[in-house]
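>>> what follows is a protein structure lacking sequence information:
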């Protein structure tokens, strides 16, 4: 496991990684057997699902944007991929570090992905776990904010190389994250929902079209962009994982 804090230093900014993360990981965490079992179960199910989609192969690089506790990263590790797990929330970072203890080839970047390289406010639920750069995130809920470094996908690609697949779940900030990508990627999965504004799915879809995608998989069926948006509009309370692939 490697936790990188050098990614932004070339731009004159150092990433902040809490001191607890810098200490030897095994001295910090006492791993619950139930937690590990749950992680393994989720990772195995996800690995089986992605193997069926045939979008990654052994040795491919995968970006896990908004990696949370690392269950998706663990799944791609099982498939023999190299994973760049990008996570700005320090609560989630501790969980992600636990996961990387047990699953190889996961490199952690403590930053948020956005359209520009700068400092920004990350809005976090007080109980931890979920967070977003989106100003619409958590409306009506108890939030606190922390200042984090943001980085574009282009900068991450310049550091790690072009991935075969990007998995993105960043709670409504997906359009801005895609705006910071200029490279053509074989496959990108983006969470889309109307919960963070009625225009958010359309903006994310427009960015995917700009990147050359024209067919989108959701609900196990393939759609064009307009048809995909209409399908989501009929189910506005749902959260969709939309897979775009060339």
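Happy to help now that I have it. These figures come from a predicted structure and were not determined experimentally.

>>> so what pairs up with the residue most central in space within the chain in the strands?
The residue lying closest to the centre of the chain (Cα atoms, centre = their mean) is residue 65, at 1.9 Å. Applying DSSP bridges to residue 65 yields these beta-bridge partners: residue 86, residue 168.

>>> residues contacting it?
86, 113, 153, 166-170, 177 (Cβ atoms under 8 Å, 6 or more residues apart in numbering). For glycine as for every other residue, the C-beta is placed from the backbone atoms N, C-alpha and C.

>>> for residue 245, state which of the residues you listed is nearest.
Of all the contacts of residue 65, residue 166 has the smallest distance to residue 245: 10.8 Å, by Cβ to Cβ.

>>> local confidence estimate at that closest one?
Per-residue confidence at residue 166 stands at 98 (pLDDT).

>>> that one in helix, strand or coil?
strand (DSSP: H, G, I helix; E, B strand; the rest coil).

>>> measure stretch 230-246 end to end?
22 Å (Cα to Cα, to the nearest Å).

>>> and it, what's its mean pLDDT?
90.

>>> the nearest residue to residue 244 once chain neighbours are set aside sits in which helix or strand?
In space, and not counting its chain neighbours, residue 244 is closest to residue 213: 3.8 Å by Cβ to Cβ, 6 or more residues apart in numbering. Using DSSP states H and E, residue 213 sits within no helix or strand.

>>> just residue 97 next, same as before
Short version, using DSSP H and E: residue 97 is in helix 90-102.

>>> what's whichever helix or strand comes after that helix packed up against?
Per DSSP H and E, the first helix or strand lying C-terminal to helix 90-102 is strand 106-109. On a contact count with 3 or more Cβ pairs under 8 Å, 6 or more residues apart in numbering; DSSP states H and E, strand 106-109 meets strand 2-4, helix 71-78, strand 82-86, helix 90-102.

>>> these: which one's closest to residue 187?
So among those, helix 71-78 is nearest, using Cβ to Cβ, at 12.3 Å.

>>> list the contacts of the closest one.
Residues contacting helix 71-78 (Cβ under 8 Å, 6+ apart): 39-40, 42-47, 49-50, 56, 62, 64, 67, 83, 85, 96, 99-100, 102-106, 167.

>>> quick check: which ranges of this protein have low pLDDT?
The model of the chain has pLDDT under 70 over residues 1-33, 125-129, 135-143.
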